[in-house]
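In: Just to be clear, the model below is a prediction. Sequence and coordinates:
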Amino acid sequence: MKRVVITGMGVVSPLGNTIDEFWNNIVEGKSGAGLLTKFDTTNYKTKFGCEVKNFHPEEFLDKKELRTYDLFTQYAIAASDQAIADSKLDFTAMSLKERAEIGVIWASGNGGIATFENELKEYYTGDGTPRFSPYFIPKIIIDIAAGVISIRHQLHGPNYATVSACSSSNTALINAFDTIRLGKATVMITGGSEAAITESSVGGFNASHALSKRNEDPQHASRPFDEERDGFVIGEGAGALVLEELEHALARRATIYAELVGGGMAADAFHLTGTHPEGLGAALCIQKALDDAKMEASEIDYINTHATSTSMGDLSELLGIKQVFQENPITVTATKSMTGHLLGAAGAVESIICVLSVQNDIIPATINTVNLDKNLPGKVDFVLQTSRYQTVNCVLNNTFGFGGHTASSIFKKYK
């Protein structure tokens with residue numbers, strides 16, 4: 001099968017809206033958390049999250065487009081525009097045949113949930129007449145971001161969305177990877193976006209006891225593996241990657257950041273929202289990713305864990321990892337301690353972290369974790385508080401979602 005490399009990246013995140021700003025803040029161990037500003041949280045159990053800051057869509061979208069696209073699509077456009085510019089691909093100079101070989105697979109877990117809320121509020125507070133916007137349906141459906149990216153750049157290759165809750169964008173990445181490997185495209189724009197810091201989303205996650213309620217100290221609330229963890233910190237944003245068939249990238253002398261060498265997907269098949277207590281789905285998808293890459297567990301330098309700071313989730317993931325790695329020592333980190341949990345966009349944003357880690361030989365730290373949970377399995381090397389500078393050849397990226405969806409991808413130094 002064909003080899004696939006990463007030649008472009010873009011990000012919109014709680015820690016910056018450019019790759020350089022984002023990566024610098026990740027390496028420095030900064031938190032993106034703060035009190036929520038998008039709605040009145042007076043009556044909410046959780047009053048904080050990781051919001052995107054200084055995002056100005058009017059700089060690249062006209063007034064009509066701003067009315068037409070939900071915020072999750074605006075984030076998708078911003079991140080994908082960055083990634084395409086970073087790749088230096090010039091679509092305007094390509095023929096229709098060439099652009100038919102370039103596709104988009106984009107993910108989201110919630111789609112246009114803010115639009116859905118706002119339209120229903122207007123309906124229920126009105127006189128009962130259904131005066132919905134003509135853009136209502138196109139704004140809320142999850143596949144619209146992929147469609148808009150293709151329209152914006154006139155890309156006629158494979159185009160669709162993936163939805164697997166918080167595994168969504170890692171699933172999209174793996175699907176895009178397979179599309180190129182099988183010769184069905186030469187370039188794929190992939191990633192995910194989420195704009196789910198809304199009243200119903202925060203209220204719903206509170207009702208399911210998933211969110212941290214550390215309102216007095218938001219910046220230290222996301223603390224994976226810590227004894228005092230009490231739930232995840234909700235985040236928002238987007239991550240975009242340009243995947244390219246190796247020979248195509250070499251022919252145009254593209255900058256190659258890393259190689260994507262394996263992907264695995266599986267299911268816990270256990271519970272609506274809870275992870276399998278022994279990490280069954282995690283173990284299965286990790287092993288599938290290693291088999292796909294034709295690698296041994298000992299070749300992985302570290303794992304960017306899904307670790308959201310939920311009591312059962314963090315533990316079950318490590319138990320799943322241990323099933324695969326056995327007695328091999330494992331180095332892990334959890335970057336959601338800084339970004340919060342970007343839900344359907346988490347896999348893409350964390351894939352960017354993995355790629356930059358491979359490129360720069362840095363393992364970002366897990367911040368905020370002070371007292372490791374005594375129930376965690378042994379022989380795990382946690383990178384805590386301070387980023388570690390060492391050679392990084394291969395990184396495994398884990399993502400898991402409600403419904404038991406699990407996905408793992410492997411990034412490697414290009415040689």
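Out: Sure thing, it's come through.

In: what's the burial count for the residue lying closest to Met188 once chain neighbours are set aside?
Out: Nearest residue to Met188 in three dimensions, chain neighbours excluded: Ala176, at 3.8 Å (Cβ to Cβ, 6 or more residues apart in numbering). (Each C-beta comes from the backbone N, C-alpha and C, glycine too.) By other Cβ atoms under 10 Å, 28 other residues sit near Ala176.

In: Would you confirm that Ala176 contacts Gly103?
Out: Yes. Applying Cβ atoms under 8 Å, one finds Ala176 in contact with Gly103, separated by 7.5 Å.

In: Need the overlap of contacts for the two.
Out: The overlap between the contact sets of Ala176 and Gly103 (Cβ atoms under 8 Å, 6 or more residues apart in numbering) consists of 185, 188-189.

In: circling back to that earlier point, what mean pLDDT does the helix or strand that the residue nearest to Met188 is a member of get?
Out: According to DSSP states H and E, Ala176 maps onto helix 168-181. Average pLDDT, helix 168-181: 98.

In: Can you identify the element that follows that helix toward the C-terminus?
Out: As the chain continues past helix 168-181, the following element, by DSSP H and E, is strand 187-194.

In: Quick one: the strands in the stretch 301-415 of the chain, in order.
Out: With DSSP state E, counting those that start in this stretch as the criterion, the stretch 301-415 of the chain has strands at 302-304, 330-333, 362-363, 380-382, 388-389, 394-401, 405-412.

In: Give the helix, strand or coil label for Lys288.
Out: helix (DSSP: H, G, I helix; E, B strand; the rest coil).

In: Thought Gly264 was touching it, still the case?
Out: Yes. Taking Cβ under 8 Å as the definition, Lys288 is a contact partner of Gly264 at 2.8 Å.

In: who touches both of those two?
Out: Between them, Lys288 and Gly264 share the contacting residues Ser408, judged by Cβ under 8 Å, 6+ apart.

In: quick one: which of these two has more around it?
Out: Neighbour totals were compared for Lys288 and Gly264, and Gly264 leads with 22 against 19 (other Cβ under 10 Å).

In: Which element, helix or strand, includes that one?
Out: Assigned by DSSP H and E, Gly264 falls in strand 258-267.

In: next one: that strand to chain centre, how far?
Out: 14 Å (Cα atoms, centre = their mean, to the nearest Å).

In: Check stretch 134-142 too.
Out: 22 Å.

In: Check stretch 32-43 too.
Out: The answer for stretch 32-43 is 22 Å, by Cα atoms, centre = their mean.

In: In contact with the closest residue to Thr46 other than its chain neighbours, which residues?
Out: Once flanking residues are discounted, Thr46 sits nearest to Leu211: 4.4 Å by Cβ to Cβ, 6+ apart. Contact partners of Leu211, counting by Cβ under 8 Å, 6+ apart, are 45-46, 202, 205, 231-234.

In: again with Thr162
Out: 105-107, 168-169, 171-172, 175.

In: can you put those in JSON lines and add neighbour count and distance to Tyr389?
Out: What follows is the contacts of Thr162, written out as JSON lines (neighbours: other Cβ atoms under 10 Å; distance: Cβ to Cβ, whole Å):
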{"residue": "Ile105", "neighbour count": "29", "distance to Tyr389": "34"}
{"residue": "Trp106", "neighbour count": "36", "distance to Tyr389": "34"}
{"residue": "Ala107", "neighbour count": "35", "distance to Tyr389": "32"}
{"residue": "Ser168", "neighbour count": "31", "distance to Tyr389": "32"}
{"residue": "Ser169", "neighbour count": "36", "distance to Tyr389": "28"}
{"residue": "Thr171", "neighbour count": "27", "distance to Tyr389": "32"}
{"residue": "Ala172", "neighbour count": "31", "distance to Tyr389": "31"}
{"residue": "Asn175", "neighbour count": "20", "distance to Tyr389": "34"}
